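Novice: please find the sequence and the predicted model below.
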Amino acid sequence: MEYVTAASHPRPEAPGSARAGRLSLAAALLCGALGAAVALLATRQTWSRGTATVAGGAFPLTARGSDVTGVPAALAVVGLAALVAVFAVRRAGRLVVAALLALSGAGAVLAALLGAVDRSALDEKAAEASGDTSATVGALTHTAWPYVAAAGGALILLAGLLALRYGRLWPAMSGRYERDGAPRPRRRARPVDPDRPEELWKALDRGEDPTGA
């Protein structure tokens, strides 16, 4: 009696795996794009406020996220590029790009949280406003925007983790096109019944020769 081993006939991909691949792909695209947009938007907002003593009076100062640190915005751009690049590579290359995507998100989170307690940007502005290099800002307060930027980085991180876990189930951009640009062979024309005029017209619409010549 002849036995057939499982190794000789690999099992087709399970429907559950295909569904998980589609859902994870949609979630990663949404999280990555939304996270990058949120992080970029947050870095344009005011992160901290304070006052500087100028000529005996208090001079209000503000610092935007880009004044505090440019890391979250830069990593958001890197993460967005990595999210697109995931579909252009396969196997080991996809894992590397997915890891870069996750690291970009983690770095953006860390930089934003550090910026939430930073005062150096306002201290520099206080020194410029007062003309005293040793001047520091007073009445320092921070807004919630650094934490919004951190949330954007967390979404990018989640997209990277999804790519690491389910990226092998995702389609590759290069697999849909012929590399050499050669046209695909034309399908053989179906036989047409000359006694049925509607089939003749359909063949002409398809660009086929109904006479078979």
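Specialist: All right, it came through fine.

Novice: pLDDT weak spots in this protein?
Specialist: 1-16, 55-56, 134-135, 173-213 (pLDDT under 70).

Novice: what ranges do the strands span in it?
Specialist: Taking DSSP state E to define them, one finds strands in the chain at 46-54, 57-64, 138-142.

Novice: got those as TSV, with distance to Val84 and mean neighbour count columns?
Specialist: Every residue, glycine included, has its C-beta placed from N, CA and C. TSV is the format used below for the strands of the chain (distance: least, C-beta to C-beta, whole Å; neighbours: other C-beta atoms under 10 Å):
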stretch	distance to Val84	mean neighbour count
strand 46-54	29	20
strand 57-64	28	15
strand 138-142	33	14
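
Novice: out of those, which comes closest to Leu40?
Specialist: Of all the strands of the chain, the one in closest proximity to Leu40, counting by C-beta to C-beta, is strand 57-64 (12.4 Å).

Novice: parallel or antiparallel, list what pairs with that closest one.
Specialist: In the sheet, strand 57-64 lines up against strand 46-54 (antiparallel) (DSSP bridges).

Novice: got the CA positions of the partner strand in CSV?
Specialist: Presented in CSV, the C-alpha positions along strand 46-54 are these (Å, rounded to 0.1, in the frame of the first residue of the first chain):
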residue,chain,number,x,y,z
THR,A,46,2.1,74.5,21.1
TRP,A,47,3.8,72.1,23.5
SER,A,48,4.8,74.5,26.3
ARG,A,49,4.2,78.0,27.6
GLY,A,50,6.1,80.3,30.0
THR,A,51,7.2,83.8,30.7
ALA,A,52,10.5,85.6,30.6
THR,A,53,11.4,88.7,32.6
VAL,A,54,12.1,91.6,30.2
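
Novice: that older thread, can you lay out the strands of the chain as TSV showing distance to Ser130?
Specialist: Compiled in TSV, the strands of the chain are given as follows (distance: least, C-beta to C-beta, whole Å):
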stretch	distance to Ser130
strand 46-54	5
strand 57-64	8
strand 138-142	11
